[in-house]
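>>> got a predicted model here, sequence first, then my questions.
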Amino acid sequence: MSQASGDVWSPVITPFGADLAPDTQRFVAHCQWLASNGVGLAVFGTNSEANSMTVGEKQELLKALVHGGVDPSRIMPGTGSCTIDDCVALTREAVDSGCAGVLMLPPFYYKGVSDEGLFRFYSEVINRVANSRLRIYLYHIPPVTHVPLSFELIERLRDAFPGIIAGIKDSGGDWEHTKGLTERFAGQDFAVYAGSERFLLDTLRAGGAGCISATANVNPAAIVELARHWQADDADVHQQNLNVIRDLFEKYPLIPAMKAATAYFSGKDAWRRVRPPLVELEEQRVSELVSSLKAIGFQMEGIGEASHG
């Protein structure tokens, strides 16, 4: 069933200070800028460097967002963890804050785990959180976790926890898999999100919900424009234009590249900083990226006007 408008979320990049602590002011400002462009905030995702952060840091940043006036119904924190207790703690914080839902990785350290083991993990988290307002969006990213979420596991979780298992982000990079998810689950109170805007138009045409995409951090307005007007006559052209920009960023390690672009267009060089084991993009490569972006007229409208620290 087609829908009037798709939805776009971003795994928000996290700014760090010279001491590598999260820069709360810049984080809130960036989230406000994204929200002003119509993007939902999938904070603490892969591109947020979330697995380089403590539960306490994430809880404090979430509180700062809500206290900063960001609408919690447009926040979907990543709460997945290898430990049940950490996952429960952050998930409870999200539910208590009124967030739209949580994006939950499977426990990813042990490989070759069974569907039974993953079912027990998710079940334990849900039963401990024990809140009917909980909405979980499963996070399928086997290129990183090497722990895939099978269709059979999704079906079993949906049957066991109706209403709570609300959707999935498919970051496998395989359109046929995303298409299969939409064919099997879309339109059944289960939102299928592509993991990149590269598949946004195809996902919406197949009945999916939209995308949760890294480069929505840097190109939010254009991605939202396609999501809102995906049935327009020029939608395919718009999709091609988004792919050009995505291609430019994917020539480099994505997180340092997005941070380098944010630093350049905001005029705040501190944005380049990442937490080890990641490293910043080298100066020469930053120059190459910026030159390529400027050559196609790319801008991050309004980012310099936000209080980006």
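Arrived safely. Numbering: from 1, shown residues only.

>>> helices or strands next to the helix or strand containing C87 in the packing?
In this assignment (DSSP states H and E), C87 forms part of helix 84-96. Taking 3 or more C-beta pairs under 8 Å, 6 or more residues apart in numbering; DSSP states H and E as contact, the helices and strands that helix 84-96 lies on are helix 55-67, strand 102-104, helix 115-129. Just so you know, the C-beta spots here come from the backbone N, C-alpha and C atoms, and that holds for glycine as well.

>>> could you dump the last one to CSV, C-alpha only?
By that I understand helix 115-129. As requested, C-alpha coordinates have been extracted for helix 115-129 and formatted as CSV (Å, rounded to 0.1, in the frame of the first residue of the first chain):
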residue,chain,number,x,y,z
ASP,A,115,17.9,-17.5,16.1
GLU,A,116,16.9,-19.0,19.5
GLY,A,117,19.7,-17.2,21.2
LEU,A,118,18.8,-13.9,19.6
PHE,A,119,15.1,-14.4,20.5
ARG,A,120,16.0,-15.0,24.1
PHE,A,121,18.1,-11.8,24.1
TYR,A,122,15.4,-9.6,22.7
SER,A,123,12.8,-11.3,24.9
GLU,A,124,14.8,-10.7,28.0
VAL,A,125,15.2,-7.0,27.2
ILE,A,126,11.5,-6.5,26.4
ASN,A,127,10.4,-8.4,29.6
ARG,A,128,12.7,-6.4,31.8
VAL,A,129,11.8,-3.0,30.3
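
>>> can you name the next helix or strand after that helix?
From helix 115-129, the next helix or strand downstream (DSSP H and E) is strand 136-140.

>>> next, the angle helix 84-96 makes with that following strand.
Angle between the axes of strand 136-140 and helix 84-96 is 130 degrees (criterion: axes from the mean of the first three to the mean of the last three C-alpha atoms, to 10 degrees).

>>> tell me the buried residues in the following helix or strand past strand 136-140?
Once the chain leaves strand 136-140, the next helix or strand it forms, by DSSP H and E, is helix 142-145. Buried residues in helix 142-145, counted by 16 or more other C-beta atoms under 10 Å: 142, 145.

>>> contacts for helix 142-145, please.
Contacts made with helix 142-145 from outside it, assessed by C-beta atoms under 8 Å, 6 or more residues apart in numbering, are listed as 46, 105-106, 108, 148, 171-173.

>>> Serialize those residues to JSON lines and add fields for neighbour count, secondary structure and distance to Q59.
Rendered in JSON lines, the data for the contacts of helix 142-145 read as follows (neighbours: other C-beta atoms under 10 Å; DSSP: H, G, I helix; E, B strand; the rest coil; distance: C-beta to C-beta, whole Å):
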{"residue": "T46", "neighbour count": "22", "secondary structure": "helix", "distance to Q59": "19"}
{"residue": "L105", "neighbour count": "24", "secondary structure": "coil", "distance to Q59": "17"}
{"residue": "P106", "neighbour count": "23", "secondary structure": "coil", "distance to Q59": "21"}
{"residue": "F108", "neighbour count": "18", "secondary structure": "coil", "distance to Q59": "21"}
{"residue": "P148", "neighbour count": "16", "secondary structure": "coil", "distance to Q59": "29"}
{"residue": "S171", "neighbour count": "24", "secondary structure": "coil", "distance to Q59": "24"}
{"residue": "G172", "neighbour count": "19", "secondary structure": "coil", "distance to Q59": "29"}
{"residue": "G173", "neighbour count": "15", "secondary structure": "coil", "distance to Q59": "31"}
